[in-house]
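Visitor: Generate a structure from the sequence data that follows.
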Amino acid sequence: MTRKPHGDDILLDRLRLQLVPGVGPRILQLLREHVGSPTAILRADRQRLLEVPRIGPRLADAIVAAVGRESARKILQRCHDSGIGLVDRGGDAFPPLLEEIPDPPELLYVRGDLADVDQLAVAIVGSRRCTTYGRRVADRLAGGLARAGLTIVSGLARGIDGVAHRAALAAGGRTIAVLATGVNHVYPPEHVDLAEQVTRYGAVVSEARLDQTPVAGLFPQRNRIISGLALGVVVVEATRRSGALHTARHAIEQGREVFAVPGPIDSPASQGCHDLLKDGARLVTGLDDILEELGPLIRPVRLDDTATIHVPRELSLNDRERQVLGIVGPDPQHLDELLRRSPLEAAATLATLTVLEMKRLVRRLPGSYVVRGS
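Guide: Take a look at the predicted model:
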């Protein structure tokens, strides 16, 4: 009788499979579709593995020869000793947004903390060789979004990424850095101190094994996680060969919003952004352009004892608007009942409901009924 693996064994098997050379996210997704769970994949014989598309003899042999659970357990101990968390797919701590993408990672190595409020996240990416204009815009957007309550996601790269992380931190917000290397091998090396700051006010995450050094092919693969952790991706500056465009393409595949910042028409640094705009990306001239288009959330996010966010544009509301929206539910209520329950005077409540209706946060129905907007 085959023993059913318990929670620790499942985590170890995910780690063992991740350590197999050649098993990237696309191959892993094929294996999951044709064979089953990581435990089932590791228990499969060579012939069964060869029946899976794109699995050849060499890769099948590598899977059969995967390291044992004891070796994986030693890596877990290293993580524990270094203060690195392991978050596995399907677990309570795994980011809900990331669970929705076509090829989520089986495991994330995490330095710092992932929080429920990180569902309210926007990715800001762009060129490593950015202009002064690009730096200024990235700083303004990342700082403003962080002050509004959104988590800023980026890739810790030189240029726009670094500016976005620093602006979020300076605004007192949260930020997540997604690495293509192991979390204990920060790249570029001059961002080691920045990565340390990010871990105190967010998280540094990676699907790459602990000791993974920079490899060119891992950066485009990493970009799907940047977009996968966010409700939308803002491209600040990008040439036509910029890696930021890979992130934008992943966002499109994942059903996330794509935003682009326009630049000077003769600037090569903005040609990729202009191409995105021609293809239908949202034009960004300020924070409201982003907040208006994001959402809805997979599940409501509680910011504090008084505010629960259903769509990101609620973050732009003032106290009065938030108070009135708080008494409007998903089921239709009569206007007289809302006026009775409102903490404001009737005239102020009616005026505020009109503003919320213009912002598409509430809808008026026939018969003087009101309901939350979608």
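
Visitor: CA only for contacts and neighbour counts going forward, please
Guide: Fine.

Visitor: Would you mind splitting the protein into its domains for me?
Guide: 7-81, 98-104+108-291, 317-372 (automatic domain parsing).

Visitor: separation between the residue positioned nearest the centre of the chain and residue 167?
Guide: Closest to where the C-alpha atoms of the chain average out (C-alpha atoms, centre = their mean) is residue 229, at 1.0 Å. Going from residue 229 to residue 167 by C-alpha to C-alpha, to the nearest Å gives 19 Å.

Visitor: re the thing from before, out of the domains of the chain, the one nearest residue 308 is which?
Guide: Ranking the domains of the chain by proximity to residue 308 (C-alpha to C-alpha) places domain 317-372 first, at 8.3 Å.

Visitor: distance between the closest one and the chain's centre?
Guide: Put simply, domain 317-372 sits 32 Å off its chain's centre (C-alpha atoms, centre = their mean, to the nearest Å).

Visitor: Endpoints of it, how far apart?
Guide: The first residue of domain 317-372 is 15 Å away from its last residue (C-alpha to C-alpha).

Visitor: Likewise for stretch 172-180?
Guide: Stretch 172-180 has an end-to-end distance of 26 Å (C-alpha to C-alpha).

Visitor: How about it, which residues are buried there?
Guide: Residues 173-180 are the ones in stretch 172-180 that count as buried (16 or more other C-alpha atoms under 10 Å).

Visitor: ok, which stretches of the stretch 101-250 of the chain are strands?
Guide: Remark: strands assigned in the stretch 101-250 of the chain by DSSP state E, counting those that start in this stretch are 107-112, 121-125, 151-154, 175-178, 202-206, 232-235.

Visitor: May I see those arranged in CSV, with distance to residue 8 and mean pLDDT as well?
Guide: Listed next are the strands of the stretch 101-250 of the chain as CSV, based on distance: least, C-alpha to C-alpha, whole Å; pLDDT from 0 to 100:
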stretch, distance to residue 8, mean pLDDT
strand 107-112, 13, 96
strand 121-125, 30, 97
strand 151-154, 30, 98
strand 175-178, 25, 98
strand 202-206, 20, 98
strand 232-235, 34, 98
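
Visitor: Could you list the low-confidence segments of the chain?
Guide: Where the chain drops to pLDDT under 70, the residues are 1-7, 295, 304-307, 374.

Visitor: for the helix ranked longest in it, packing partners?
Guide: Using DSSP state H to define each element, the chain has its longest helix at helix 132-148. With contacts defined as 3 or more C-alpha pairs under 8 Å, 6 or more residues apart in numbering; DSSP states H and E, the packing partners of helix 132-148 are strand 151-154, helix 160-170, helix 287-291.
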